[in-house]
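**Student:** Generate a structure from the sequence data that follows.
(chains A and B)
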Amino acid sequence: MSMDSLITVENLYRYYGELCAVHDLCFEVRRGEVLGFLGPNGAGKSTTMRMIGGNLAPSAGRVLINGVDILDQPMLAKAELGFLPETPPLYRDLTVNEYLTYCARINRIPRAQQSGAIDSAKERCGLTEVGRRLIANLSKGYQQRVGIAQAIIHSPSVVLLDEPTVGLDPIQIREIRSLIRDVANEHSVVLSTHILPEVQSVCDRVQIINRGRLVLNESIEQMSEKLQATTLLVALRLMPSISELESVAGVTSVEALEDGRVRMSYDANNDPSDAIVEQAVANGWGLHELTPERMTLEQVFVDITSSDVNEHEEHGSEGAAA
Amino acid sequence: MIFTIAGRELRGLFLSPLAWSILAVVQLILAYMFLAQIDFFMQLQPRLPTLPGAPGVTEIVAVPLLGNAAMILLLIVPLITMRLISDERRNQTLPLLFAAPISMSTIVLGKFVGVMIFLLIMLLMILMMPLTLLLGSSLDFGVLAAATLGLFLLLASFAAVGLFMSSLTAQPTIAAVSTFGVLLLLWILDWAGNNAEGGQGSDVLAYLSILRHYEALLKGVFNSADVIYYLLFITVFLVLSIRRLDAERMQH
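**Tutor:** Numbers count the residues shown, from 1 in each chain, chains lettered A, B, ... in the order given. Model (predicted):
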């Protein structure tokens, strides 16, 4: 275990009766890293988050926060931890100020530093205006911000956010995401979500969990490479025969779509766009659309989670086609 | 840290109308009983000097008042304690406490202390009634102190049971009903002891009854065994609550 890893999860198991919710999970989160924890509903994301957050004891395995076992020395480990569960733990009968004061106290912030900590948490989460309002009367987006403020108020080195953007409108989602990016500047963040663009926009590293098992663990750059386009959508006014299109350099296969367009697949290293345009002009095909089809994270996600066939085989078949 | 949680609990109580209405209703009912008791004393007063070792105003007015208060608070305390933990569980705010660097025992003790401060306020308000008798009479402070201590320990036991019941469920009403059930059972355990004369088992049952120990203190008899009984009772239920919250993380 390197000194720089803030969260170390070792062989984590969690059973609910017979059901195995988390199976042999191992990973690390390094200082200053934002880890996206992806998975479909019921994959074990929340269970894992709650185990790291000290809310649930693992059936087997260990969780170390900053090198401290959360079960052996919970006080020490939890001081370095901020946790926003799926449902923000808010006292609806308190005002934002009262609530944050309470959070500051139970997180053992020294009395002299409390008001400073509360003010800075409020400012970072955009809550300065609503300090005196009852939490019950705030919108869902603002309640979520109060939840995040609660998690960062004691400047923990690790912040766990469990599905922080669920149930928010698109504008609020954008605000919360920029807030998460801001939080990530000073803390390591573990963000669990089932929304893929969120991971693409915020995280440094992606982990995909399915049925309690870790099925993918990659940096966002590696992930992006995987997302490179390998197909083009082409629309032509004067459609030539399929074989003519297939003869364009680099094109591996052509598929006619129902709406009159064609999907042209190509080898990843040999983009045929230029060749297609040249041919279209030379032969007067009347090209009016040429769109690279991006393989979305969605597809990767679905590929990985729906089939237990691992991705290496897919790579193999692509290679063979080339 | 305990007082932070206790303060939050107390604040929560007074933010809802529940605490206020409970204080008002209890005070109203006990005031009525207090007046009735004074009325009774006034009727008795002419004859009292003729009796040797006659009971004074403390025995006739103050002690029955505290005795009745115990009966009424048996109904009321479950309503105060029901929300302690079950409400946090229902609103899913327990993770806030679990993720903070505080131990389970701090959480449980904090909540217990919070309720006890509220019950202490109620006890003081009740005590003010017999103390007004000082305006026109004198009181036996020894008896009054023993009876007050008895009521205080009794209320603390009620609160400890209530806290434990609240830690078992997510529904405040279920917590209230089961607390009431347990308290009433412990209260009437005494009956079995009274009915079956002499049996060894019924003696034990009678001894376990929370009423039996209170009655001794009400009479002004301060027996450390009674006090220790209550302290053990309270400790047992607080430890059970802590264990219950610890177990919360183990299973789902």
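**Student:** I'd like the next helix or strand past the lowest-mean-pLDDT helix or strand in chain B.
**Tutor:** For chain B, the helix or strand with the lowest mean confidence is helix B:200-208, at a mean of 71 (criterion: mean pLDDT, DSSP states H and E). Taking DSSP states H and E as the definition, the helix or strand that follows helix B:200-208 towards the C-terminus is helix B:210-218.
**Student:** and that following helix, which residues are buried?
**Tutor:** Of the residues in helix B:210-218, those buried under the neighbour-count criterion (16 or more other CB atoms under 10 Å in any protein chain shown) are B:210-214, B:216-218. Any C-beta I mention is one placed from the backbone N, CA and C, and that applies to glycine too.
**Student:** Contacts for it, please.
**Tutor:** When contacts are taken as CB atoms under 8 Å, 6 or more residues apart in numbering or on different chains, the neighbours of helix B:210-218 outside the stretch itself are B:63, B:66-67, B:70, B:146-147, B:149-151, B:153-154, B:157, B:183, B:186-188, B:190, B:193, B:206, B:223, B:226, B:229-230, B:233.
**Student:** Of those, which count as buried by neighbour count?
**Tutor:** So, of these, B:63, B:66-67, B:70, B:146-147, B:150-151, B:153-154, B:157, B:183, B:186-187, B:190, B:193, B:206, B:226, B:229-230, B:233 end up buried under the neighbour-count rule (16+ other CB under 10 Å).
**Student:** on that earlier part again, sort out which of the contacts of helix B:210-218 are in helices and list them.
**Tutor:** Counting by DSSP state H, those place B:63, B:66-67, B:70, B:146-147, B:149-151, B:153-154, B:157, B:183, B:186-188, B:190, B:193, B:206, B:226, B:229-230, B:233 in helices.
**Student:** Those residues: which ones sit near chain A?
**Tutor:** Among the ones in helices among the contacts of helix B:210-218, no residue sits close to chain A (CB under 8 Å from any CB of the partner chain).
**Student:** show me what contacts B:G7?
**Tutor:** Here B:G7 is in contact with B:G114 (criterion: CB under 8 Å, 6+ apart).
**Student:** which residue lies farthest from the center of chain B?
**Tutor:** When distances to the mean C-alpha position of chain B are computed (CA atoms, centre = their mean), the maximum falls on B:T50, with 37.5 Å.
**Student:** Distance of that residue relative to B:E59?
**Tutor:** Between B:T50 and B:E59 the distance is 17 Å, computed by CB to CB, to the nearest Å.
**Student:** do B:M42 as well
**Tutor:** As it turns out, when the distance is counted by CB to CB, B:M42 lies 15 Å from B:E59.
**Student:** Compare these two (neighbour count), which wins?
**Tutor:** With other CB atoms under 10 Å in any protein chain shown as the criterion, B:M42 and B:E59 differ in neighbour count, and B:E59 comes out ahead with 17 against 9.
**Student:** Now the more buried one, what are its backbone angles?
**Tutor:** In this entry, B:E59 is assigned phi and psi values of phi -70, psi -30 (degrees, to the nearest 10).
**Student:** how does chain A divide up, domain by domain?
**Tutor:** Taking automatic domain parsing as the criterion, chain A consists of the domains A:5-220, A:228-293.
**Student:** what's the closest of the ones you listed to chain B?
**Tutor:** Closest of the domains of chain A to chain B is domain A:5-220, at 3.7 Å (criterion: CB to the nearest CB).
**Student:** distance between the ends of that closest one?
**Tutor:** The first and last residues of domain A:5-220 sit 18 Å apart, counting by CA to CA, to the nearest Å.
**Student:** what pLDDT, on average, does it get?
**Tutor:** Along domain A:5-220, the predicted local confidence has a mean pLDDT of 88.
**Student:** from the middle of its chain, how far away would it be?
**Tutor:** Between the centre of domain A:5-220 and the centre of its host chain there is 13 Å, according to CA atoms, centre = their mean, to the nearest Å.
**Student:** now check it, is it near chain B?
**Tutor:** Yes - between domain A:5-220 and chain B, judged by CB under 8 Å from any CB, the touching residues are A:16, A:50, A:53-57, A:74-76, A:78-79, A:81-83, A:85, A:87, A:89-94, A:98, A:102-103, A:105-108, A:150.
**Student:** Check these for burial and list the buried ones.
**Tutor:** By the neighbour-count criterion of 16+ other CB under 10 Å, those include these buried positions: A:50, A:53-57, A:74, A:78-79, A:81-83, A:85, A:89-91, A:94, A:98, A:102-103, A:105-107, A:150.
**Student:** got the residues of chain B near chain A?
**Tutor:** Taking CB under 8 Å from any CB as the criterion, chain B approaches chain A at residues B:1, B:4-5, B:8, B:11-12, B:15-16, B:91-103, B:249-252.
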